[in-house]
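Q: Quick one, what's the 3D model for this:
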Amino acid sequence: MDKFNWNGDNTMRAIRSASLEALWLLGQQVLTDAAPDVPVETGTLLRSGRVSLGELPPAGAVYAEAQAGVSGDGNDPDFSQKEDTVYVSYSTPYALWLHESPDWHGRLKPWARWKWLERAIPKSRRKFRAIVKRAFDKVGRL
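A: Numbering: from 1, shown residues only. Below is the predicted model:
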């Protein structure tokens with residue numbers, strides 16, 4: 001009798017990991033596409049942009065890092081964990097107001113736009129297929 005090896009569990013873990021990686025990479029692309037529209041005065045808001053897996057990063061710590069000139073957290077997430085949510089966020093006390101309010105537009109910096117994160121999503125969506133392909137190429141043929 002022929003022997004059949006079931007690798008379903010490993011395959012499902014690889015697919016889940018590749019899916020999370022694709023979403024995380026898409027989140028990175030959203031930050032990249034949003035950057036030109038982020039209102040910049042000192043750069044703190046721009047540097048506070050993060051992509052995180054499973055939960056939002058601690059806002060106070062991110063804000064302190066951004067104020068100190070640190071961009072990003074420098075860590076790639078563990079895509080094998082059980083988390084299934086990817087967050088794209090900016091963490092300054094004024095990020096939400098600047099993002100949601102058209103009142104400041106043009107007064108802070110002429111090129112900056114409110115709703116910079118929402119405006120970036122359609123731009124990033126165009127790159128989604130390439131991002132997914134790159135993540136799933138790691139899985140190989142299933």
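Q: ok now do Gln67, which residues does it touch?
A: Thr44 (CB atoms under 8 Å, 6 or more residues apart in numbering). In this view, the C-beta of every residue, glycine as well, is placed from N, C-alpha and C.
Q: separation between it and Gln81?
A: Distance, Gln67 to Gln81, by CB to CB, to the nearest Å: 29 Å.
Q: Is there a neighbour count for Asn7? I'd like the number.
A: 10 (other CB atoms under 10 Å).
Q: Likewise for Ser71?
A: So Ser71, with other CB under 10 Å, has 14 neighbours.
Q: Is it in contact with Arg47, as I believe?
A: Yes. Between Ser71 and Arg47 a contact is recorded at 4.4 Å, counting by CB atoms under 8 Å.
Q: Not including adjacent chain positions, what is the nearest residue to the spatially most central residue of the chain?
A: Closest residue to the average C-alpha location of the chain: Gly27 at 2.5 Å, with CA atoms, centre = their mean. Once flanking residues are discounted, Gly27 sits nearest to Val51: 3.6 Å by CB to CB, 6 or more residues apart in numbering.
Q: So what does the one you found look like in phi/psi?
A: Here is the backbone geometry of Val51 (degrees, to the nearest 10): phi -120, psi 130.
Q: low-confidence ranges in this structure?
A: Applying pLDDT under 70 to the chain flags the ranges 1-2, 4, 6, 73-75, 105-109, 141-142.
Q: Name the single longest helix found in it.
A: Longest helix in the chain by number of residues (criterion: DSSP state H): helix 8-34.
Q: Buried by neighbour count: which residues of that helix qualify?
A: Buried positions in helix 8-34, judged by neighbour count with 16 or more other CB atoms under 10 Å: 14, 17-31, 33-34.
Q: can I get the CA coordinates of the helix or strand just after it in PDB?
A: As assigned by DSSP states H and E, the chain's next helix or strand after helix 8-34 is helix 44-47. Output of helix 44-47 as PDB, limited to C-alpha atoms (Å, rounded to 0.1, in the frame of the first residue of the first chain):
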ATOM      1  CA  THR A  44       8.000  63.500  15.300                       C
ATOM      2  CA  LEU A  45       4.600  62.700  13.800                       C
ATOM      3  CA  LEU A  46       6.200  61.100  10.700                       C
ATOM      4  CA  ARG A  47       8.600  59.100  12.800                       C
END
